[in-house]
Structures are given as structure tokens and as C-alpha cells.
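> Quick one: sequence and predicted model below, then my questions.
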Amino acid sequence: MRHSCVPTTWLRRSCTGDSFSRPAMGQANRHHEFGAFNNLSYTELGGLLLEEQKQRMSENPWQPLLQTFEKLSNCVQTHLSNFIGIKITPPSSSTIQNPISLDSSPLIATNSSTLQKSPLKEKSTGPVAKEELGRATWTFLHTLAAQYPEKPTRQQKKDVKELMAILSRMYPCRECADHFKEILRSNPAQAGSQEEFSQWLCHVHNTVNRSLGKLVFPCERVDARWGKLECEQKSCDLHGTSMDF
Ligand SMILES: Cc1cc2nc3c(=O)[nH]c(=O)nc-3n(C[C@H](O)[C@H](O)[C@H](O)COP(=O)(O)OP(=O)(O)OC[C@H]3O[C@@H](n4cnc5c(N)ncnc54)[C@H](O)[C@@H]3O)c2cc1C
């Protein structure tokens with residue numbers, strides 16, 4: 001006779017037919033050995049096994065502890081990624097956040113320990129804070145350095161020096177501009193190649209970091225942190241020269 005069981009879980013089912021005891025897990029598939037399961041198909045038994053497995057997991061006494069650990073781990077990952085700018089993904093694909101995209105949605109941590117784009121907040125219309133201005137300016141400068149040609153023209157080298165000089169005069173935060181002017185005096189801009197410029201900029205940024213009591217960024221990782229602007233068919237690239245100037 002076929003039992004009509006309500007498939008809540010295998011452990012707590014209500015049957016209208018004969019009562020039966022739960023067989024051991026390994027025996028379940030060999031349903032021909034259990035009279036009570038004679039009329040259940042493999043698919044039905046599989047479903048019951050799955051249900052029991054779910055039930056066991058929900059009864060796991062370590063579950064709250066594991067969940068707390070997962071939350072802590074997510075929190076550490078988020079803070080770490082905010083500083084070094086690395087997008088932390090599940091271990092299977094540890095990719096590095098590289099090129100700057102025009103989509104500036106911040107990365108947020110999710111329950112599944114991945115970082116995802118959060119929807120853009122409404123734009124604030126008020127004035128920006130010094131910190132926000134600083135982050136935007138460093139983003140501009142490091143992206144410019146990443147996009148700087150391997151062999152810049154004489155004009156491009158001159159432009160970098162002028163840009164830095166203008167920043168030190170016109171940066172819209174007086175104390176920052178004055179501070180930057182001092183830094184430039186002891187560290188004149190070096191832009192003979194893409195690598196030279198990006199390393200110089202990293203060094204200069206670290207000088208500002210130190211003076212503000214911030215952590216120093218490892219400059220050997222600058223290419224992993226910053227990249228060229230994401231642009232179709234390299235249409236944003238700066239072109240250098242094939243000749244040495
Ligand atoms: C030219 C200039 C001068 C400034 N002077 C002052 C000042 O005198 N006083 C003041 O209060 N603020 C100053 N600021 C602002 C300050 O540097 C920071 O931008 C601001 O405090 C926000 O800091 P942050 O921790 O968010 O990261 P930021 O320092 O803005 O850095 C942004 C991101 O760049 C990456 N990064 C950090 N260090 C490096 C590095 N060395 N190389 C490459 N990438 C790096 C990190 O991923 C970081 O999240 C200045 C900014 C600029 C552009």
C-alpha cells in the first residue's frame with residue numbers, strides 16, 4: 001500500500017498509513033529493503049533525503065557562531081578593500097579592482113561575502129568636504145598617471161609639471177595647496193615615463209598620507225589599484241611619441 005505522507009521533513013512526517021521508523025541515511029536509497037518505502041520512487045526518496053539534510057543544518061548548534069564569524073569576516077574585508085581598493089570576491093575569482101569606470105557606485109558588502117555595486121545615492125547638491133575633494137582629485141591624478149604614455153612627448157612632460165604647479169596654487173583648499181607646494185619643492189614632478197610618473201605620484205600621495213597620520217600605500221601595488229579609464233576601443237588613451245625627447 002502506498003503511504004500518503006505530508007513531505008514536511010523526513011523526521012516529522014504525518015502518515016495516514018502504517019507508522020515506520022526512520023532508516024539509516026545510507027539505507028534510504030535501497031528502498032527495496034524497507035517495506036514502508038516500497039512504493040516510493042527514487043525521486044521521492046531523494047526529495048525526502050534533501051529535506052532531512054536541510055532540517056539537520058537548521059538544527060546545527062554551531063550555526064549562530066558561524067554566522068557571527070561570517071559577519072566579522074565581511075566587515076574586515078570591507079574595511080581592507082576601502083583602503084587598498086581591492087574588490088574582494090569569493091576565493092574562486094580573486095580579481096583586482098583596476099580600471100576606473102564612469103559608474104562610481106560604491107562597493108558594498110553583501111551576506112554572501114561578495115562586494116557588489118550599491119545603487120547610486122541621490123546626488124547631494126551642497127558643497128563637498130575636503131576629504132571628498134581629496135579623493136576625487138587623487139582619483140583624477142592616479143588615473144591620469146595610469147593613462148600617461150610610456151614615451152611621453154616633451155609637451156606632455158611639461159604639462160604634468162605645470163599641472164602640479166597649478167594644483168599647488170589653485171587647489172580649492174588653502175592649507176592643502178600650501179602643503180602640496182612644500183612637497184613639490186622637495187619632490188619635483190617626475191614624468192619621464194608612465195612608470196616614473198605613477199611611482200612619483202604614489203610617493204607624493206604617501207607624503208600627504210603620512211602628514212595626516214594615514215597608512216602608507218604600497219607603491220608596488222599602484223598598477224593594481226589604479227588603471228586606465230574604462231573606455232571603448234582605447235579611445236581615451238593619451239598618445240605619446242615613438243621618438244625619445
Ligand atoms: C594634492 C592634495 C593635497 C592634500 N593635502 C591635504 C592636507 O594638507 N590636509 C588635508 O586634510 N587633506 C589634504 N588632502 C586630502 C587628503 O589627501 C585625502 O584625500 C582625504 O583626507 C581623504 O582621504 P582618504 O583616506 O579617503 O583617501 P585618499 O588619501 O583620498 O586616497 C584615495 C584612495 O587612493 C588610494 N591610495 C592611498 N594612498 C595612495 C598612494 N600613495 N598611491 C596610490 N593610491 C593611494 C587608496 O585606495 C585610497 O582609498 C589633499 C589632497 C590632495 C589631492
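Structure's in. What do you need? Everything quoted here is computed from the prediction, not taken from an experiment.
> Any idea how many residues pack against V208?
With neighbours defined by other Cβ atoms under 10 Å, the count for V208 comes to 15. Every residue, glycine included, has its C-beta placed from N, CA and C.
> Mind listing residues that contact stretch 136-151?
Residues from elsewhere that reach stretch 136-151, judged by Cβ atoms under 8 Å, 6 or more residues apart in numbering: 100, 128, 156, 160, 167, 171, 191, 193-194, 197-198, 201-202, 205, 222-223, 225-229, 236-244.
> what about T153, how many residues close to it?
Neighbours of T153 under the rule other Cβ under 10 Å: 15.
> Work out for me the element the closest residue in space to it that isn't next to it in sequence sits within.
Closest residue in space to T153, ignoring its immediate chain neighbours: T241 at 4.7 Å, by Cβ to Cβ, 6 or more residues apart in numbering. Assigned by DSSP states H and E, T241 falls within no helix or strand.
> Please apply the same query to E162.
helix 154-170.
> now A165, nearest residue through space, not along the chain?
Distances taken as Cβ to Cβ, 6+ apart place L184 nearest to A165, at 7.2 Å, with adjacent residues excluded.
> thinking again about what came up before, helix or strand next in line after the helix holding E162, which one?
Counting by DSSP H and E, the next helix or strand C-terminal to helix 154-170 is helix 174-186.
> Let me know whether whichever helix or strand comes after that next one sits next to the ligand.
Scanning forward in sequence from helix 174-186 by DSSP H and E, the next helix or strand is helix 194-211. Yes - under the criterion of Cβ under 6 Å from any ligand atom, the ligand is reached by helix 194-211 at C202, H205, N206, V208, N209.
> and the two most separated of those residues?
With Cβ to Cβ as the measure, no two of the residues of helix 194-211 next to the ligand lie farther apart than C202 and V208, at 11.0 Å.
> can you tell me how far whichever residue of the chain sits closest to the ligand sits from P149?
Residue nearest to the ligand within the chain: G134 (2.1 Å; Cβ to the nearest ligand atom). The spacing between G134 and P149, counted by Cβ to Cβ, to the nearest Å, is 26 Å.
> What sits closest to L201 if chain neighbours are left out?
In space, and not counting its chain neighbours, L201 is closest to A145: 4.9 Å by Cβ to Cβ, 6+ apart.
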